[in-house]
Structure formats: C-alpha cells, structure tokens
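Student: model this:
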Amino acid sequence: MSTFLVTVLAGIVATSGMSLLMWAITRSGIAEADMIRAIGTIFTRSGKSAFTVGLVVHYIVGVVIAFAYVALISIIGYSSVAGAIGLGCLISVAHGVAFGFVLVISVAEHHPMERFRKAGMEVAVAHFAGHVVYGFLIGTVVGLTGIRFFG
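Tutor: Numbers count the residues shown, from 1 in each chain. This is a model prediction of the structure:
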C-alpha cells in the first residue's frame, strides 16, 4: 500500500480514536467535549445537521493533519514501532497544548452556540487527551507499516 493511502488510513484511525475518547468524556459528564457537534455548529450555526457536518470536517482535518504528523515522524526518524509511537505522542503533546490554549482562549469565546462557550480547564484537558490518543494512533500505524515520506 502506498505511503499516501497508509497516511489517509492513519488519519482515519487516529481521528476515530480521538472522537471515541471525546465522546466518552462527554458521555461520562467529565467535560463538554462533543468536538464533532462543536465543529458542526460553527458551520451550521444551529444543532440541525451539526453532527454530520462536524463529522465530515473533523475527518477531513484529521486526515490532513496526519500528513504533517507522518512528515514530522519521517524527518525526525524512528527505528522501531515504539519509536514511531513515542514521536507521535511527542508531536501530539505540542499539538494538544497549542490547540487547548487556542480552544479555551479564542474558539469557545466566539462559538455561535452557548453550549460550547464554556471551555475551562477540564475541556482543555479533554482535548489534550484526545490529541495524545490521536498521536499515539498515528505513531502506531506509522510504526507498524514502516511508512516514511523521506528516505
């Protein structure tokens, strides 16, 4: 299978894992981490069709970002499955911190739906955890398949 297709697959797997964790966090009542509906309502401005729109956007972005992760893992280099997983997690820590900051400071403040305007520390931590799962899964697919963009 080509590097392109494996990267798309990695993005789908990682986005699915992240989405499942965010769903579980929301369902448990720990935090309002319904990222798919939050994304969807940015576009629909209402709950109508928000899940479908959010799901499509979330997966497209997840696949696109997978290319950046695979490129970074390839540039840094890995020699084992554990190494690729570690790099995926390391990249996701930076990504999760940056996104958590942007989410709490900017996105929630201007979200069109009241439900998603409260983005405190628990929401930022939930998104951070989701990003770490995403990076773990990208690293796992990269490590198991041995794909590389360079060299």
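
Student: Ala84 is in contact with Tyr78, isn't it?
Tutor: Yes. Applying C-beta atoms under 8 Å, one finds Ala84 in contact with Tyr78, separated by 4.3 Å. The way it works is simple: take the backbone N, C-alpha and C, and place the C-beta from them, glycine included.

Student: ignoring the adjacent residues along the chain, who's closest to Gly83?
Tutor: Using C-beta to C-beta, 6 or more residues apart in numbering and skipping residues adjacent in sequence, the residue nearest Gly83 is Gly143, 7.0 Å away.

Student: contacting residues for the one you found?
Tutor: By C-beta atoms under 8 Å, 6 or more residues apart in numbering, the contact list for Gly143 reads 78, 80-85.

Student: return the member of those residues nearest to Gly11.
Tutor: Proximity of the contacts of Gly143 to Gly11 (C-beta to C-beta) peaks at Ala84, which lies at 15.0 Å.

Student: if I pick that closest one, what's in contact with it?
Tutor: 73, 78, 139-140, 142-143.

Student: try it again with 10 Å
Tutor: Neighbouring residues of Ala84 by C-beta atoms under 10 Å, 6 or more residues apart in numbering: 70, 73-74, 76-78, 138-148.
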